[in-house]
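> pasting a predicted model and its sequence here:
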Amino acid sequence: MKILILGAGVTGSAVAAALASEENDIMVVDFKPPLLDALKERFDIATVVGNAAHPSVLEQAGIHDTDIVIAVTDSDETNMLACLVINALYTRPKTIARVRAIEYQKNPDLFGPKGIPIDHVISPEMIVMEAIRNLIDFPGVLHISDFAGGLVRLFSVKVGANGFLIDKKIKDLKEHLADGKIRVVAIFRQGKPLAVNGHAVIKSGDEIFIVAPRKEVQRVLKSLNKLEAPIKRIILAGGGHIGKRLGLALENDHQVKIIEKDPRRAKKIANELHKTVVLKGDCADETLLLDESIDSADLFCAITDNDGVNIISAALAKSLGARKAICLLNHISYSKLLPGTVIDVAVLPNQETLGSILKYVRKGDVAQVSSLCGGTAEAIEAIAHASGTFSVVGKRVDAIHFPSGIVLGALIRNQEVIEIHHDTIFEENDHVVMF
């Protein structure tokens, strides 16, 4: 498959890294040569220097025989214009474009049949907002994502030093959970995956991934002693696109405060949020945090566009008494610093966004993709069809030779989650969630 990526920033680089090793022909366009040179050193890809929306640059990048265009430059306008130009001038490939601004998202007709011709519009800020909101709804988890239209959830928990899970075998855990639809699909120890089988033993510090029907998640967390008290009082550090979206989403059911350093931005979002308190100041100012009773906050969420500020302010807030601290990190390498801090959870926007892009790129009928563990693992929801050389329809699970490392997590048939056993036979239109 020939894929053209417009933009070599953090997101574009993450997409290139995920797709370059999968026998795809990757071309990346950006106007900054150093970014392209860095990518070429790491991956076997081609690059073109120039404006991603210019026809001459697109032609130089081979737009005529491109299968998919992924427009993820830092400019919404450039991404939209590039898709408009491609539709007007060329035999149109499938287009995926990142559009960040809420003002564009408010107008659905803008991307409708008579609007800008983009096949799939993705909003990283909306994706990250939903990811953080899930963490707020389930404060005991490190990650949670939905599959099969919300019928199934994949979530992970960290094993504490004195927790219930210590030294438990997977088979013992299954017996404790007492539901064949709930499956442990992965164990990560010090960032590396372990083979998952009934005899695998869980140790302190492990991150375990579990797939369960949506209605069972609360019960599972309670069984694992990971069901924490609800989060009510929230302080958001950063009033950018994500902060504003979170404020709008949370202010009716939570007590929300936003700390924003830019006075103009603070005034703007204060006028648009009705119940959220907006404070102008530095989120790493200890005096300000103490004045705002940080020690009684259930959650401090650092979501500025500066990773350093996010790490420092989240660690400071937690040390001053905040119950939980979430930190947003645009650069995945910074996540290596977190084990030495008191920060509870790191949210990686580019990893969250990557999954929403990959579901349109993966071969076969793929409904959902979640990129996990810094891109070292994926959860995929695939739909079974009878056509094709490698169809699984009509075959038993134990008759299919899945690639090494794949673990079946859930099977959804006719909108119902059913148990997976060695003798389960796949049917047409089954949704299968695999880790």
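Sure, I can see it.
> ranges for the strands of the stretch 1-150 of the chain?
Taking DSSP state E, counting those that start in this stretch as the test, the strands found in the stretch 1-150 of the chain are 2-6, 25-30, 46-49, 68-71, 94-98, 120-122, 143-147.
> closest to Ile132 out of the ones you listed?
Checking these against Ile132 by Cβ to Cβ gives strand 143-147 as the closest, at 10.6 Å. For every residue, glycine as well, the C-beta is placed using N, CA and C.
> check which helices and strands the next helix or strand after the closest one sits against.
Using DSSP states H and E, the helix or strand that follows strand 143-147 towards the C-terminus is strand 152-158. Other helices and strands packing on strand 152-158, by 3 or more Cβ pairs under 8 Å, 6 or more residues apart in numbering; DSSP states H and E, are strand 143-147, strand 207-213, helix 217-223, strand 408-413.
> enumerate every residue touching the closest residue to Lys168 other than its chain neighbours.
Closest residue to Lys168 apart from its sequence neighbours, by Cβ to Cβ, 6 or more residues apart in numbering: Ile202 at 5.1 Å. When contacts are counted by Cβ atoms under 8 Å, 6 or more residues apart in numbering, Ile202 touches Val159, Leu165, Ile166, Asp167, Lys168, Lys169, Ile170, Leu173, Ile187, Ile208.
> swap in Phe111?
Counting by Cβ under 8 Å, 6+ apart, Phe111 has contacts Val99, Ile118, Val121.
> out of the residues you listed, who's nearest Pro349?
Val99 (14.7 Å).
> low-confidence ranges in the stretch 301-435 of the chain?
For the stretch 301-435 of the chain, the stretches with pLDDT under 70 are 388-389.
> where do the helices of it begin and end?
Per DSSP state H, counting those that start in this stretch, the stretch 301-435 of the chain carries helices over the ranges 307-319, 349-358.
> restrict the last one to CA atoms and write it as PDB.
By that I understand helix 349-358. Output in PDB follows, covering the C-alpha atoms of helix 349-358 (Å, rounded to 0.1, in the frame of the first residue of the first chain):
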ATOM      1  CA  PRO A 349      -1.800  12.100  22.700                       C
ATOM      2  CA  ASN A 350       0.000  10.700  19.800                       C
ATOM      3  CA  GLN A 351      -0.500   7.200  20.900                       C
ATOM      4  CA  GLU A 352      -4.200   7.900  21.300                       C
ATOM      5  CA  THR A 353      -4.400   9.500  17.900                       C
ATOM      6  CA  LEU A 354      -2.400   6.800  16.200                       C
ATOM      7  CA  GLY A 355      -5.100   4.200  16.900                       C
ATOM      8  CA  SER A 356      -7.800   6.400  15.300                       C
ATOM      9  CA  ILE A 357      -5.600   6.600  12.100                       C
ATOM     10  CA  LEU A 358      -4.600   3.000  12.000                       C
END
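> and for it, what's in contact with it?
Residues contacting helix 349-358 (Cβ under 8 Å, 6+ apart): 10-11, 14-15, 18, 70, 72, 96, 98, 122, 124, 127-128, 131, 145, 328, 330, 332, 368-372, 374-375, 378.
> could you do the longest one as well?
Identification of contacts with helix 307-319 by Cβ under 8 Å, 6+ apart yields 235, 237-238, 283-284, 286, 289, 294, 297, 300-304, 324-331, 334, 337-338, 341-344.
> how about the contacts of Ile202 in TSV, adding secondary structure and pLDDT?
Output for the contacts of Ile202, formatted as TSV (DSSP: H, G, I helix; E, B strand; the rest coil; pLDDT from 0 to 100):
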residue	secondary structure	pLDDT
Val159	coil	87
Leu165	coil	81
Ile166	coil	85
Asp167	coil	85
Lys168	coil	84
Lys169	strand	86
Ile170	helix	86
Leu173	helix	79
Ile187	strand	91
Ile208	strand	92
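> buried ones among those residues?
Val159, Leu165, Lys168, Ile170, Leu173, Ile187, Ile208 (16 or more other Cβ atoms under 10 Å).
> who touches the second one in this structure?
Each residue near Leu165 by Cβ under 8 Å, 6+ apart is listed here: Val159, Leu173, Ile202, Asp206, Ile208, Leu224.
> if we go to 10 Å?
Taking Cβ atoms under 10 Å, 6 or more residues apart in numbering, we find Leu165 in contact with 157-159, 172-173, 176, 202-204, 206, 208, 224-226.
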